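Asks: predicted structure and sequence below. I'll ask about it afterward.
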Amino acid sequence: MNAGIEIGSDDTGQSVHINIEELLATRLLVQGNSGSGKSHLLRRLLEESAHLVQQVVIDPEGDFATLADAYNHVVIDAGDYNEREIATMGSRIREHRASIILNLEALELEAQMTCAAAFLNAMFDAPRDHWYPALVVVDEAQMFAPAVSGDVPDVVRRASLGAMTNLMCRGRKRGLAGAIATQRLAKLAKNVAAEASNFLMGRTFLDIDMARAADLLGMERRQAERIRDLERGCFLGLGPAISRRPLSMKIGPTQTSTRMGTHSLLPMPEAEPENLRTVLFAEMESDPVQARPQPTPQPIAAAELIRRIAAPEPAAEAASAPDDLGEGTSADTIDIEATIVDVLQEMLADTDSAYQPDALLYQDFSVRCRMQKLVGVPLELADFRRRFAFAKGGILDPTDSRWKEVLGVAASLPEDMAAPFLQIARAALEGNPCPDDESLGRAYGTRSPGRVRRLIEYMEKQGAVVVRADFGGRRSIGIPQLGLSTEAE
């Protein structure tokens, strides 16, 4: 089998070849600033060698998914799977020699690093019988093997760096050949970069990167300026699979391209400033809710408020009862429980009610009950607080037998956590997606995402819930005592 592929042409127009068999044994490092043509080079390498060797692409930007349109690559959208499933697929592709593209585009940086580490480690730990040769291409390698710690947790950085180190340092004996690309050599961990014996250096401008590139190419420092003058798509190559001396080359064309294409200038829209303003601000100007300021209630002591509102003069109640109830209506004919449910539903319809203090809520509840022609307030403050928490959790009738076990579990949590827990439990019972942070925050009485996260962590530490999340950030919450779990959301 001819193991050579044509990667481009040199300054004289002669074809430049890369020996894939040699590349598998000696690995490849590609460096160049954004726009220098790294992704184009990798795409050319993948297209030309697709019929020669199994290929695995770690793709953080989704640039290489289009290879599946013309070749036999399988695209794995990492956001649709959890860590265990990703590791399982990493092991299976070695067994079945499938060429795949691990698309990490939908994930945040921390999840991308965790996912890539799980996938690479699974490939590395495959049984010896499955150590078939595979070209592992990692684009934007500085993300997965950073030279210094960044914004991600240290445990995530160590796991990702360890997986990349295994790929470049110990992968050869297991048939794994790393081909990594980076925008800046200074950002890439040195022990990862040092294991490559083949180099393709594209245009770069920073002195520190030019100096490192010149050192890797065996060039004198004064020759490093040559790297700055390279055109887009042009690279200096060196290594046993490419050339024994630094060789300038222009990468050849590709059969496929990224879905994003290349950005170019477009004519500006022709529109009058008044029309643009109408388009931009019309919806906001017509929204009366946004324009109207919300009144700030004056603080009132809870005891004073209850004394004023919840306990009116008996004589006044007796005098007004016949008129309030109306013709043909008596206090005995009013269904108090149904009225309580109706009032709670009305209060929940007001989104701001979830964030009001209990004293103001009880005042509102008392007034609404009287408007429903109840003579007195049917619930004490403590009872109202509990019933309102149940209502925010989606349980308007706590006497319903199907809520018995759920309310028993909720009783083990602090009273203010009952509403968000009941929201989760109801979603699990009904097979609905997990409530989002905004819904849980409204039930908990907070607009702070941090407080919602701490709430869920506390409930998990108490053993009331178990939280699971896939790489797409979709969360599901299980309730061990009930043997139920919400759908992922």
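Replies: Structure's in. What do you need? Numbers count the residues shown, from 1 in each chain.
Asks: where's residue 172 relative to residue 132, distance?
Replies: Counting by CB to CB, to the nearest Å, the gap from residue 172 to residue 132 is 13 Å. To be clear about C-beta, it is placed using only N, CA and C from the backbone, and glycine gets the same treatment.
Asks: just the buried residues of stretch 388-406, please?
Replies: For stretch 388-406, a neighbour-count test (16 or more other CB atoms under 10 Å) marks 388, 389, 390, 391, 392, 393, 394, 395, 396, 403, 406 as buried.
Asks: per-residue confidence for the first one?
Replies: According to the predicted model, the pLDDT of residue 388 comes to 89.
Asks: and which of the buried residues of stretch 388-406 is nearest to residue 416?
Replies: Among the buried residues of stretch 388-406, residue 389 lies closest to residue 416 (CB to CB), at 7.6 Å.
Asks: my guess is that closest one contacts residue 418, does it?
Replies: Yes - counting by CB atoms under 8 Å, residue 389 does reach residue 418; the two are 4.5 Å apart.
Asks: distance between the longest helix along the chain and the chain's centre?
Replies: Criterion DSSP state H: the longest helix present in the chain is helix 109-124. Taking CA atoms, centre = their mean, to the nearest Å, the mean C-alpha location of helix 109-124 is offset from the chain mean by 15 Å.
Asks: repeat for stretch 123-137
Replies: Centre-to-centre, stretch 123-137 and its host chain are 29 Å apart (CA atoms, centre = their mean).
Asks: okay, how far is it across that stretch, tip to tip?
Replies: 13 Å (CA to CA, to the nearest Å).
Asks: ok, residues contacting it?
Replies: 20, 23-24, 42, 45-46, 49, 53-58, 64, 90-91, 93-95, 97, 120, 163, 166-167, 170-171, 173-181 (CB atoms under 8 Å, 6 or more residues apart in numbering).
Asks: out of those residues, which end up buried?
Replies: If we count by 16+ other CB under 10 Å, the contacts of stretch 123-137 have these buried: 20, 23-24, 42, 45-46, 49, 53-58, 64, 90-91, 93-94, 120, 163, 166-167, 171, 174-181.
Asks: mind checking which of these are in helices?
Replies: Under the assignment DSSP H, the buried ones among the contacts of stretch 123-137 contribute 20, 23-24, 42, 45-46, 49, 90-91, 93-94, 120, 163 to helices.
Asks: and the residues you listed as JSON lines, adding distance to residue 7?
Replies: Shown next, in JSON lines, are those (distance: CB to CB, whole Å):
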{"residue": "20", "distance to residue 7": "10"}
{"residue": "23", "distance to residue 7": "10"}
{"residue": "24", "distance to residue 7": "15"}
{"residue": "42", "distance to residue 7": "11"}
{"residue": "45", "distance to residue 7": "7"}
{"residue": "46", "distance to residue 7": "11"}
{"residue": "49", "distance to residue 7": "10"}
{"residue": "90", "distance to residue 7": "28"}
{"residue": "91", "distance to residue 7": "31"}
{"residue": "93", "distance to residue 7": "25"}
{"residue": "94", "distance to residue 7": "26"}
{"residue": "120", "distance to residue 7": "25"}
{"residue": "163", "distance to residue 7": "27"}
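Asks: show the average pLDDT along the longest helix of the chain.
Replies: pLDDT averaged over helix 109-124 gives 94.
Asks: what's the answer for stretch 460-469, then?
Replies: Stretch 460-469 comes out at a mean pLDDT of 88.
Asks: go on, stretch 196-204?
Replies: pLDDT averaged over stretch 196-204 gives 89.
Asks: hang on, residue 346 in a helix?
Replies: Yes - the assignment for residue 346 (DSSP: H, G, I helix; E, B strand; the rest coil) places it in a helix.
Asks: excluding its backbone neighbours, what's nearest it?
Replies: residue 368 (6.2 Å; CB to CB, 6 or more residues apart in numbering).
Asks: show me what contacts that neighbour?
Replies: 343, 346, 347.
Asks: how about the secondary structure of it?
Replies: Assigned by three-state DSSP, the conformation of residue 368 is helix.
Asks: residue 237 pairs with what?
Replies: Beta bridges link residue 237 to residue 200, residue 247, judged by DSSP bridges.
Asks: now for it, how many residues are close by?
Replies: Residue 237 is flanked by 25 other residues according to other CB atoms under 10 Å.
Asks: looking at the protein, which helix or strand is least sure?
Replies: The helix or strand of the chain with the poorest confidence is helix 314-325; it has a mean of 45 (mean pLDDT, DSSP states H and E).
Asks: and residue 36, helix, strand or coil?
Replies: coil.
Asks: is it true that it touches residue 232?
Replies: Yes - with contact defined as CB under 8 Å, residue 36 counts as touching residue 232 (6.2 Å).
Asks: between the two, who's got more neighbours?
Replies: More crowded of residue 36 and residue 232, by other CB under 10 Å: residue 36, with 24 against 14.
Asks: for the closest residue to the more buried one other than its chain neighbours, give me its contacts.
Replies: Once flanking residues are discounted, residue 36 sits nearest to residue 202: 3.7 Å by CB to CB, 6+ apart. By CB under 8 Å, 6+ apart, the contact set of residue 202 is 30, 31, 32, 33, 36, 37, 38, 41, 230, 234, 235.
Asks: what about the fifth one, distance to residue 228?
Replies: Okay, so that is residue 36. Residue 36 is 11 Å from residue 228, by CB to CB.
Asks: list the residues that contact both of the two?
Replies: Taking CB under 8 Å, 6+ apart as the criterion, residue 36 and residue 228 both touch 203, 204.
Asks: mind putting the contacts of residue 202 in JSON lines, distance to residue 242 included?
Replies: Putting the contacts of residue 202 into JSON lines (distance: CB to CB, whole Å) gives the following:
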{"residue": "30", "distance to residue 242": "11"}
{"residue": "31", "distance to residue 242": "14"}
{"residue": "32", "distance to residue 242": "15"}
{"residue": "33", "distance to residue 242": "21"}
{"residue": "36", "distance to residue 242": "17"}
{"residue": "37", "distance to residue 242": "16"}
{"residue": "38", "distance to residue 242": "16"}
{"residue": "41", "distance to residue 242": "12"}
{"residue": "230", "distance to residue 242": "16"}
{"residue": "234", "distance to residue 242": "14"}
{"residue": "235", "distance to residue 242": "10"}
